[in-house]
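Trainee: I need the structure of the sequence given here:
(2 chains)
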Amino acid sequence: MSYVAAKGGAQAIQAAHQLVAERNAPNPDDLQAQIAQHLHLSIDRIMAEASLYDRDIAAKALLQAQGDSIEAVFIVRAYRATLSRFLDSAPLNLGHANMQRHISAAFKDIPGGQQLGATYDYSHRLLGYFQNLQGPDESAAHAAIPSADTKAPNTHKKSGVMDILETEGLIEKSSTEPADAENRDITQIPPGFPASRAQRLQTLARADEGFVLGMAYSTQRGYGQNHPFIAELSHGSVNVEICPPELGFSLCIGTIEMTECQMINQFQGDSPETATFTRGYGLVFGHNERKAIAMALLDRALRAQELGEKVEAPAQDEEFVLSHCDNVEATGFVEHLKLPHHVDFQSEISTLRALRAQSLSTTARHDDTL
Amino acid sequence: MIPYNFAYLDENSKRAIRRSLLKAVAIPGHQIAFASREMPLPYGWGTGGIQITAAIIGKDDRLKVIDQGADDTTNAVSIRHFFQSVAGIATTTETRQASIIQTRHRIPETPLCADQIIVYQVPMPEPLFKLEPRRTETRILHAMADYSLMYLQLYDHITRYGRVAIGYDYPVMVHDRYLMSPSPIPAFDVPKMHMNPALQLFGAGREKRLYAVPPYTRVVPLAFEDYPFAPLQAQAPCAICGSTSSYKDEIILDDNGKRQFVCSDTDYCGRTSCQ
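Mentor: Model (predicted):
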């Protein structure tokens, strides 16, 4: 089903809204399970910013935090810090994800077809909107209606758009697999500056959504050049595989939901022959298109130096962005002002009094000489 | 509550922090990057100090935690309880009894001994951050031992105010090599760091940096020959114990702004007044 205003668009929107409504169906289980179900987007955000994929832990944390999502992220992070790592997973094969949503803004139709999936994009923000939905007609009731050009849209090879552009030489080649040193876990080995792109993307993936959103928005308003098109935005579930050395073959240990954004940006190059579009990339846990898109914009802005652009705007400044995007760090330091500071404040008062006393005595001396 | 490892962090994380600490002790005053973990207390509450304490504490240790010099301030109580619950170690409020002292904003008045470790909670480990916020730049300045920015700042104070107007977090040179933030302790406390027999460890969790001053190391506050380091003394003796040599908190007594000065170090004050 297409998301463009072509034939079937109305049907697609109806199905999309039905999918949203279904997620809100009551769950008789306990409160934590209800939170995990009804507030699943909130749970997704907590898992992303906490860098821990566990819906139950995130739901428990959100409940404990009384709905304060940054507090919930903090609780999950503190729990995560106590877990020991035993293996790295194999790289996720996003090309074989089980898609629940897959759209392109750059092309009307794409390999695998446009799949609208559950989205608020075309809903009207009226209270009770999804409760008052008209019953779906037969064809719209299915989550994924095969589009005309594909037989199995759910398991198609993704990233077709980028592949096609790359084959034609219109977009820069996707970077090769990062070296181990570049790829290392930023929560295990402290990153420094300049950061590798892998470290940068890791940092952005767990960064505060609001911060990333604001910085990305600034690039669209002229603070850092960006002329982006969403080549592909997709949300789906993907297998996580590990390969224990003692076994020598890989095992699937579960599936996780991810949202990925492949962004095409302004072309670059010294001559018409070498000019190509450039890439921005966003990948987040769960279903979070806002974050994935914003991350892709910011990733591209932060590549300024690498691509020979002038670093002028805040969003292009790696040290500025990466040092301030973490909400657990930011909230801690901002809120720590609540702690007692009377010893250092006392030393400030004493200093100011000493300055005053000194200036009074100097003034007095001046008076004497007059 | 989920059962946690001794002192909360897993053994590998603690070992990683100890490795960084060894490096820090080997290069006095130099900031060492470490993989700071999220602790169950927020950044800004002393996570750097807590991680260092967690990494070095053993079952036989006796821990003292102070904030603003006092053992009974909210955050000190909270951190002490944290280690009691995750490590089950003995605690004390007596400076002399403690094998590890974790502190925020003060150094105890009672002189430390060679078998003690003092762990400072540090918000901003970079002494130059107010003058140059970029770590990529300050790293170069430290490498070149180029501290002219800070000397200019002191000079600027002298021309403007007639004296160096830094009341706390007074910049110090460690072992004649690295400029170091002593953490936001009052300038009054800085001389206690110099040639101190105890090991001094500094942790900045949010900034993911730690550093150290080994025992008997030179710690010299920045100053000029004609404008020597001159920390301010309290205006009055302690209203409780009468001490004239300690650092004081200023207490507002009534709506008319009547003031009283009392020792900020409650352990010191309590024992001085008993004598």
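Trainee: use CA for all of it now, contacts and neighbours both
Mentor: OK.
Trainee: so what's the residue of the stretch 151-300 of chain A found nearest chain B up against?
Mentor: Residue of the stretch 151-300 of chain A nearest chain B, by C-alpha to the nearest C-alpha: residue A:190 (4.7 Å). By C-alpha atoms under 8 Å, 6 or more residues apart in numbering or on different chains, the contact list for residue A:190 reads B:33-36, B:208.
Trainee: okay, who's weakest in those by pLDDT?
Mentor: Here the lowest pLDDT out of those sits on residue B:35, with 90.
Trainee: Helix, strand, or coil at that residue?
Mentor: Following DSSP: H, G, I helix; E, B strand; the rest coil, residue B:35 is assigned to coil.
Trainee: Counting neighbours, what do you get for it?
Mentor: 20 (other C-alpha atoms under 10 Å in any protein chain shown).
Trainee: just residue A:96 next, same as before
Mentor: Residues contacting residue A:96 under the criterion other C-alpha under 10 Å number 16.
Trainee: Could you list the buried residues of stretch B:209-217?
Mentor: For stretch B:209-217, burial by neighbour count (16 or more other C-alpha atoms under 10 Å in any protein chain shown) applies to B:209-215, B:217.
Trainee: And for stretch A:109-117?
Mentor: A:109-117.
Trainee: how long is it end to end?
Mentor: Here the two ends of stretch A:109-117 are set 15 Å apart, with distance taken as C-alpha to C-alpha, to the nearest Å.
Trainee: what about the residue of the stretch 51-200 of chain B found nearest chain A, how many residues close to it?
Mentor: At 4.7 Å from chain A, residue B:167 is the closest residue in the stretch 51-200 of chain B, using C-alpha to the nearest C-alpha. Summarising burial for residue B:167: neighbours were counted as other C-alpha under 10 Å, giving 23.
Trainee: I figured it hits residue A:344, correct?
Mentor: Yes: applying C-alpha atoms under 8 Å, one finds residue B:167 in contact with residue A:344, separated by 7.2 Å.
Trainee: Now list whatever residues contact both of the two.
Mentor: residue B:186.
Trainee: Would you mind naming what in chain A lies close to chain B?
Mentor: Contact residues (C-alpha under 8 Å from any C-alpha of the partner chain) of chain A with chain B: A:74-75, A:77-79, A:81-84, A:186-190, A:193-194, A:319, A:328-329, A:331-336, A:339-344, A:346-348, A:350-352, A:355, A:358.
Trainee: out of those, which are buried?
Mentor: A:74-75, A:77-79, A:81-82, A:186-187, A:190, A:319, A:328-329, A:331-333, A:336, A:340, A:342-344, A:346-348, A:350-352, A:355.
Trainee: Take the buried residues of stretch A:109-117 and write them to JSON lines, including pLDDT and secondary structure.
Mentor: Converted to JSON lines, the buried residues of stretch A:109-117 look like this (pLDDT from 0 to 100; DSSP: H, G, I helix; E, B strand; the rest coil):
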{"residue": "A:109", "pLDDT": "84", "secondary structure": "coil"}
{"residue": "A:110", "pLDDT": "84", "secondary structure": "coil"}
{"residue": "A:111", "pLDDT": "83", "secondary structure": "coil"}
{"residue": "A:112", "pLDDT": "79", "secondary structure": "coil"}
{"residue": "A:113", "pLDDT": "83", "secondary structure": "coil"}
{"residue": "A:114", "pLDDT": "86", "secondary structure": "coil"}
{"residue": "A:115", "pLDDT": "87", "secondary structure": "strand"}
{"residue": "A:116", "pLDDT": "89", "secondary structure": "coil"}
{"residue": "A:117", "pLDDT": "88", "secondary structure": "coil"}
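Trainee: and which of the residues you listed is nearest to residue B:195?
Mentor: Checking these against residue B:195 with C-alpha to C-alpha, the nearest one is residue A:117 at 67.8 Å.
Trainee: residues contacting the spatially closest residue to the closest one that is not a sequence neighbour?
Mentor: Nearest residue to residue A:117 in three dimensions, chain neighbours excluded: residue A:101, at 4.5 Å (C-alpha to C-alpha, 6 or more residues apart in numbering or on different chains). Residues near residue A:101 by C-alpha under 8 Å, 6+ apart: A:115-118, A:233-236.
Trainee: Only the buried residues of the helix or strand that contains residue A:101, if you could.
Mentor: Per DSSP states H and E, residue A:101 falls inside strand A:98-103. Neighbour counts over strand A:98-103 (16+ other C-alpha under 10 Å) mark A:98-103 as buried.
Trainee: For the residue nearest the centre of chain A, identify the helix or strand it belongs to.
Mentor: Centrality entry for chain A: nearest residue to the mean C-alpha point is residue A:291, 3.5 Å, by C-alpha atoms, centre = their mean. Secondary structure from DSSP H and E places residue A:291 in helix A:289-302.
Trainee: and that helix, what's its mean pLDDT?
Mentor: When pLDDT is averaged over helix A:289-302, the result is 97.
Trainee: elements contacting it?
Mentor: Judged by 3 or more C-alpha pairs under 8 Å, 6 or more residues apart in numbering or on different chains; DSSP states H and E, the packing partners of helix A:289-302 are helix A:197-205, helix A:209-220, strand A:229-242, strand A:251-268, strand A:276-285.
Trainee: which helices and strands sit right next to the shortest one?
Mentor: In this case it means helix A:197-205. Using 3+ C-alpha pairs under 8 Å, 6+ apart, the elements in contact with helix A:197-205 are helix A:180-183, strand A:276-285, helix A:289-302, helix A:318-324.
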